[in-house]
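Student: sequence-free structure coming up:
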Ligand SMILES: Cc1ncc(COP(=O)(O)O)c(C=O)c1O
Ligand SMILES: N[C@@H](CCOP(=O)(O)O)C(=O)O
């Protein structure tokens, strides 16, 4: 393994000389060619390091992992340790992401929702907010005559938005604009974002879908004049730091099992939409975490499931996004899948030539933009299937699964899950049925949001249980009070790039007054 830390290149670059530092990749967010930044190599760890890591706290494990990707020139060790400590001091669990073991026999639930906004996005965005602040302060201290500002523009289907706002609010020289699809997120998700009255934060409620919002964000980043004018920053999983920060909880939860069962055969089941969460699992596996499978669990918006089950690796957008009971995953094109495709193209189609892999990706995503689909080829989908499996879950199955877990859970009993976690649990049941109970697999299902964020689906599923009460059993006080707070919403009548840019122009003038 290289002794120098990775540099970063775009998934669509055919020129290794364009590689940049970690700091540059984080502050740019999206590459100029529209690609996503990836490390020039994936650090690998020895069995000895794995054994050492298995005994570490969450924070210490996060440092060991992140420091493999970040040079001391970008962030000195002690500064990185301080950023990590500050980022996770806001979590309600000392373990940050505790593992609920044997919720049902051999099925463990990785609770990722103990951060400020009760969704897994907090694990990365508390860290990303502090990263942005660190890099801005470093620049502005060295250049007091040329103070740099950062304008965050993000798109959300409900959870990234509030996690980004809570990770960035109150930070100096940072303005935040979050686009979300009007009427397509839950009541509490919208309240979490719109009740923030900080002058440097503005939500834009767009008439359209999440994909419309995500496409506008990517086009805004591609507008060089606008980007130069406002120095744009990305909080979506476009930003490599989001993926990096999510690697920790794969190793951390794996060790919770392997420390008790040395040669445990572990399958991770991940409710997936934009593919950022499970992609972190891919990096953990490539680094050396032993894993049997990474199972992609999608709702009825199933581009990922269709790819993995296709003969020739067809990556094809459906015409319309379905509004489901797991709205945060109502996504047609999974933005982060591009990063996985790069590594698959690099290994299967380019003879391990990074520049050739970038050219292949560039061609594929031009075709996707023109025709709405492309074929990666049978060798690529076969290679993907060695590590990944996939399941697609229907709305009715979500409701049935929330009830089934409530009835069957042993540790604790009457365990209540949100609809996205239910997609993961139903996929886990499907895997268990295919594997057979005697196969001896340990299943870690990622719980990506607290059930309080999705009252409609949880109540619809559990209202028949006479002892169940949403207010008593689910809703935390800090979320209960949101409904009574004043809200700051800016409606955007069309999912239109120029209209959104105009609104941002206008709002920045107000923010600067
Ligand atoms: C609650 C929840 N679960 C699962 C997902 C899917 O995660 P990813 O988009 O990283 O695949 C998201 C967001 O997309 C989410 O907000
Ligand atoms: N479900 C996400 C959609 C955006 O995903 P990201 O990982 O790219 O930020 C959300 O909650 O907004």
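Tutor: Perfect, I can see it now. Bear in mind the structure is a predicted one, so any value in this text is a computation, not a measurement. Ligands and ions are numbered 1, 2, ... in the order given.
Student: ok, and what's touching stretch 182-189?
Tutor: 156-159, 161-162, 205-210, 323, 327-328, 330, 452-456, 479, 482-483, 491 (CB atoms under 8 Å, 6 or more residues apart in numbering). Where you see a C-beta, it was placed from the backbone N, CA and C, and this is true even at glycine.
Student: in helices, which of the residues you listed appear?
Tutor: 159, 161-162, 210, 455-456, 479 (DSSP state H).
Student: of the residues you listed, just say which sits nearest to ligand 2.
Tutor: Nearest to ligand 2 among the ones in helices among the contacts of stretch 182-189 is residue 159, at 3.3 Å by CB to the nearest ligand atom.
Student: my guess is the closest one contacts residue 123. True?
Tutor: No - between residue 159 and residue 123 there is no contact, the gap being 11.4 Å when judged by CB atoms under 8 Å.
Student: residue 399 and ligand 1, how far apart?
Tutor: Distance, residue 399 to ligand 1, by CB to the nearest ligand atom, to the nearest Å: 17 Å.
Student: now swap in residue 224 and tell me
Tutor: 28 Å.
Student: what's the burial count for that residue?
Tutor: Residue crowding around residue 224 was assessed by other CB atoms under 10 Å; the count is 9.
Student: residues in contact with it?
Tutor: By CB under 8 Å, 6+ apart, the residues touching residue 224 are residue 32.
Student: which parts of the stretch 301-450 of the chain sit against ligand 1?
Tutor: For the stretch 301-450 of the chain, the residues in contact with ligand 1 (CB under 6 Å from any ligand atom) are 328-329, 420, 448-449.
Student: export those residues to JSON lines and tack on pLDDT?
Tutor: Below are these laid out as JSON lines (pLDDT from 0 to 100):
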{"residue": "328", "pLDDT": "96"}
{"residue": "329", "pLDDT": "97"}
{"residue": "420", "pLDDT": "98"}
{"residue": "448", "pLDDT": "98"}
{"residue": "449", "pLDDT": "98"}
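Student: which among those are in contact with ligand 2?
Tutor: The subset of those within reach of ligand 2, by CB under 6 Å from any ligand atom, is residue 328.
Student: where does the chain dip in pLDDT?
Tutor: Counting by pLDDT under 70, the chain has low-confidence residues at 1-3.
Student: how about the residues of it near ligand 2?
Tutor: The chain has residues 156-161, 236-237, 273-274, 276, 328, 335 near ligand 2, with proximity defined as CB under 6 Å from any ligand atom.
Student: give the buried residues for stretch 23-40.
Tutor: By neighbour count on 16 or more other CB atoms under 10 Å, the buried set for stretch 23-40 is 23, 25-31, 33-39.
Student: get me the contact residues on the chain for ligand 1.
Tutor: Going by CB under 6 Å from any ligand atom, the residues of the chain near ligand 1 are 119, 157-159, 237, 271-277, 328-329, 420, 448-449.
Student: just the buried residues from those residues, in PyMOL please.
Tutor: To isolate the buried ones among the residues of the chain next to ligand 1 in PyMOL, judged by 16+ other CB under 10 Å, type:
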select buried, resi 119+157+158+159+237+271+272+273+274+275+276+277+328+329+420+448+449
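Student: which stretches in the stretch 101-250 of the chain count as helices?
Tutor: Under the criterion DSSP state H, counting those that start in this stretch, helices of the stretch 101-250 of the chain are mapped to 121-142, 159-168, 187-194, 210-222, 224-230, 240-258.
Student: buried residues in the fifth one?
Tutor: This means helix 224-230. 226-227, 230.
Student: can you flag the buried ones in the contacts of stretch 182-189?
Tutor: 156-159, 161-162, 205-206, 208-210, 327-328, 330, 452-455, 479, 482.
Student: check contacts around the nearest residue to residue 439 once chain neighbours are set aside.
Tutor: Nearest non-adjacent residue to residue 439, counting by CB to CB, 6 or more residues apart in numbering: residue 265, 7.9 Å away. By CB under 8 Å, 6+ apart, the residues touching residue 265 are 292, 439-442.
Student: give me the subset of the residues you listed lying in strands.
Tutor: 441-442 (DSSP state E).
Student: buried sites along the helix or strand that residue 498 is a member of?
Tutor: Using DSSP states H and E, residue 498 falls within helix 497-511. Across helix 497-511, burial judged by 16+ other CB under 10 Å covers 497, 500-501, 503-504, 508, 511.
Student: where's the residue of the stretch 1-150 of the chain found nearest ligand 2 relative to residue 273, distance?
Tutor: With CB to the nearest ligand atom as the measure, residue 121 is the residue of the stretch 1-150 of the chain nearest to ligand 2, at 6.1 Å. Using CB to CB, to the nearest Å, we find residue 121 at a distance of 12 Å from residue 273.
Student: again with residue 75
Tutor: 30 Å.
Student: got it, and residue 137?
Tutor: The spacing between residue 137 and residue 273, counted by CB to CB, is 33 Å.
Student: cool, residue 297 as well?
Tutor: 10 Å.
Student: coming back round to it: can you select the buried ones among the contacts of residue 265 for me in ChimeraX?
Tutor: Buried residues within these, by 16+ other CB under 10 Å, are selected in ChimeraX with:
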select :292,441,442
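Student: and which of the contacts of residue 265 is nearest residue 394?
Tutor: Nearest to residue 394 among the contacts of residue 265, counting by CB to CB, is residue 441 at 23.9 Å.
Student: from residue 434, how far out is that closest one?
Tutor: Using CB to CB, residue 441 is found at 10 Å from residue 434.
Student: any idea how far apart the tips of stretch 69-87 sit?
Tutor: Terminal residues of stretch 69-87 lie 18 Å apart, using CA to CA, to the nearest Å.
Student: what lies in contact with that stretch?
Tutor: Residues from elsewhere that reach stretch 69-87, judged by CB under 8 Å, 6+ apart: 4-6, 21-23, 39, 43, 59, 62-63, 66-67, 126-127, 129-131, 134, 244.
Student: just the buried members of those?
Tutor: Taking 16+ other CB under 10 Å as the criterion, what is buried in the contacts of stretch 69-87 is 5-6, 21-23, 39, 43, 59, 62-63, 66-67, 126-127, 129-131, 134, 244.
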